[in-house]
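Visitor: Quick check, what structure comes out for this input:
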Amino acid sequence: MKIADLITWFEAWANPTWCESWDNCGWQIEPGVLQEKTRVLVCLTPTLAVMQEAIVENANLIFAHHPLIFNPLKSLRTGEAIPEMVRLAFTHNIGIYTAHTNFDQVQDGTADVLAQILELKEATPIGVTQAGLGYGRVGLLEPFLTLQELLATIQTRLSPPNLIFSPSADLQQTISRVAVLGGSGASYISSVAKTGAQAYLTSDCKFHQFQESRDRNLILIDAGHYATERPACDRLVQKFQSLNLDWVQLSRKDEDFRQFFA
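Guide: Next up is the predicted model:
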């Protein structure tokens, strides 16, 4: 399959026109690779380490969730990360394509994969954008779990380096309805509270957002940006593999940009 055909297939599933106005989905760098047979490296975040990995693996496409270019660039200067990525992309003929908020909304996208990992039943979007699609998912746990069992399940299945949850939560409380949203989902706390969910798994939550959740009788669980979105990249690799591409691999140089002192 040529790169142009892969992008056409993907955009029929997760149309880049669905991305938010503040977002930057689609081609970040296209150095003339559309007609080449696809050798794709999938990652959460396009970084110099991922680019070096793509060069070593002779990949011609980096398919990322996070945009390389998020805000308008005012300059391109030697020694800065984005200009170096651009230079290497054109030097080694490697395209960079991003699927961000459009990928968040779809079936088998970031939120949907999280719901599947927790085996939520009857999962529906928290914030509906169009028929059957939207941000986040909320569904039922069958069988029900205690909060302690739910946290242990999240720790086992997502392996976050640090798992934070609401203060004064009763670990033996029975949890039957859970909401999830990969990445930064604190802005949806109010919407989640209206769904009847007892617990909300997301990331990048601030101090007072834990307070807000507690005041709304919602258990907020922060597993980190990387841990909540990386599984969807793995699912994307599986989907690409089903297309019999020339080569596809999940990046081994993708990284969580946070470390925790033991």
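
Visitor: low-confidence ranges in the stretch 51-200 of the chain?
Guide: For the stretch 51-200 of the chain, applying pLDDT under 70 flags no range at all.

Visitor: Verify the stated contact: residue 233 with residue 45.
Guide: No. If you go by Cβ atoms under 8 Å, residue 233 and residue 45 don't touch, sitting 9.7 Å apart. All C-beta atoms are positioned from the backbone trio N, CA, C, and that covers glycine.

Visitor: so what sits against both of these two?
Guide: Taking Cβ atoms under 8 Å, 6 or more residues apart in numbering as the contact rule, residue 233 and residue 45 both touch 65, 254.

Visitor: quick one: buried residues of stretch 8-20?
Guide: 10, 11, 14, 16, 18, 19 (16 or more other Cβ atoms under 10 Å).

Visitor: Turn those into CSV, columns for pLDDT and distance to residue 173.
Guide: Output for the buried residues of stretch 8-20, formatted as CSV (pLDDT from 0 to 100; distance: Cβ to Cβ, whole Å):
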residue, pLDDT, distance to residue 173
10, 98, 41
11, 98, 43
14, 97, 36
16, 96, 41
18, 96, 37
19, 96, 37
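
Visitor: can those residues go into CSV with extra columns for secondary structure and distance to residue 136?
Guide: Formatted as CSV, the buried residues of stretch 8-20 follow (DSSP: H, G, I helix; E, B strand; the rest coil; distance: Cβ to Cβ, whole Å):
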residue, secondary structure, distance to residue 136
10, helix, 22
11, helix, 22
14, coil, 16
16, helix, 20
18, helix, 15
19, coil, 16
